[in-house]
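Novice: Sequence below, structure please.
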Amino acid sequence: MPQNILIAVKNQQQNNKFKKILVSQGYQVMAVVDDAYSVLRMLQSKEVSISLIDNDLQGLNGVQLAQIIADENLGPVVLLSQHSINTGTSLPKSVFGVLLKPITEYQLINTLNLALNQYRNQRELEKEVAQLKDTLESRKIVEKAKGILMTKQGITEDAAYNKLRKSSMEKRIPMRKVAEAIVLMEDF
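Specialist: Numbering: from 1, shown residues only. Here you go, the predicted structure:
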């Protein structure tokens with residue numbers, strides 16, 4: 001599947017050079033723009049895999065734009081710059097690469113490929129963390145419901161767990177939902 005890319009560079013000659021290189025390497029260039037606000041409009045309206053953004057754009061510099069892209073979760077960014085980028089403490093989390101001009105074809109393609117792989121890895125880790133948080137929250141609720149059943153009905157922990165599990169199977173709903181109902185009823 002071709003990777004969709006957005007190119008945002010002020011210099012039209014560089015835009016054409018990058019577009020030619022990227023198309024020859026199998027990328028699909030979704031848009032070529034020259035100002036920060038066009039970048040945001042494109043990212044919000046089109047499905048872009050990665051953005052190649054010059055640090056010297058009209059409207060906002062690349063780092064400021066990358067921060068907005070990170071805040072709105074609009075995908076990975078590779079920044080281009082004539083000089084080293086001074087960001088103070090760190091780059092926005094959307095920045096997965098920085099290239100200093102002049103840029104060779106080899107540097108461009110390798111940096112984009114690395115950035116895309118790192119972004120995919122980050123998304124997978126974020127998904128895994130969310131699933132682990134959900135699992136932990138479910139366990140907390142089930143433990144609380146077991147405690148309520150043990151106290152109210154004077155039964156053992158195993159018996160309370162079995163009651164939750166049996167009710168879950170009979171009603172064909174997740175055990176977390178049964179536990180949430182018990183906790184909710186206790187709070188009233």
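Novice: how close does the residue at the greatest distance from the centre of the chain sit to Arg123?
Specialist: Here the chain reaches farthest from its C-alpha mean at Gly154, the gap being 46.7 Å by CA atoms, centre = their mean. Going from Gly154 to Arg123 by CB to CB, to the nearest Å gives 48 Å. Quick note: C-beta positions are derived from backbone N, CA and C, even for glycine.
Novice: Over to Tyr106?
Specialist: 26 Å.
Novice: same question, Asn11
Specialist: With CB to CB as the criterion, Asn11 and Arg123 are 32 Å apart.
Novice: do the same with Val33
Specialist: 25 Å.
Novice: and the chain, what are its domains?
Specialist: As given by automatic domain parsing, the domain ranges for the chain are 4-103, 129-187.
Novice: Could you tell me what pLDDT the model assigned to the closest residue to Gln107 other than its chain neighbours?
Specialist: The shortest distance from Gln107 to any non-neighbouring residue, by CB to CB, 6 or more residues apart in numbering, is to Leu99 (5.9 Å). Leu99 is assigned 92 on the pLDDT scale.
Novice: What is the burial count for Leu99?
Specialist: Residue neighbour count, defined by other CB atoms under 10 Å, stands at 19 for Leu99.
Novice: Using the three-state scheme, assign it.
Specialist: Counting by DSSP: H, G, I helix; E, B strand; the rest coil, the backbone at Leu99 sits in strand.
Novice: Now do the contacts for it.
Specialist: Val78, Leu79, Leu80, Ser81, Gln107, Leu108, Thr111 (CB atoms under 8 Å, 6 or more residues apart in numbering).
Novice: Just want to know which of Val33 and Arg123 has more residues nearby.
Specialist: It is Val33, of Val33 and Arg123, that has more neighbours when counted by other CB under 10 Å, with 21 against 13.
Novice: The more buried one contacts Leu40, doesn't it?
Specialist: No - using CB atoms under 8 Å, Val33 is not in contact with Leu40; the gap is 9.7 Å.
Novice: Point me to the residue sitting closest to the centre of this protein.
Specialist: Arg123 (4.9 Å).
Novice: check which helix or strand covers it.
Specialist: helix 105-153 (DSSP states H and E).
Novice: Repeat that for Leu164.
Specialist: helix 157-171.
Novice: which residues touch the closest residue in space to Val78 that isn't next to it in sequence?
Specialist: Leaving aside its sequence neighbours, Val78 sits nearest to Gly97 (CB to CB, 6+ apart; 4.1 Å). Neighbouring residues of Gly97 by CB under 8 Å, 6+ apart: Val78, Leu79, Thr111, Leu112, Leu114, Ala115.
Novice: Go through these and give me the one with the most neighbours.
Specialist: Busiest of the contacts of Gly97 [other CB under 10 Å] is Leu79, holding 26 neighbours.
Novice: Doesn't it belong to a strand?
Specialist: Yes - membership of Leu79 in a strand is supported by three-state DSSP.
Novice: Check whether it really touches Ile85, as I assumed.
Specialist: Yes - Leu79 is in contact with Ile85 according to CB under 8 Å; the separation is 6.5 Å.
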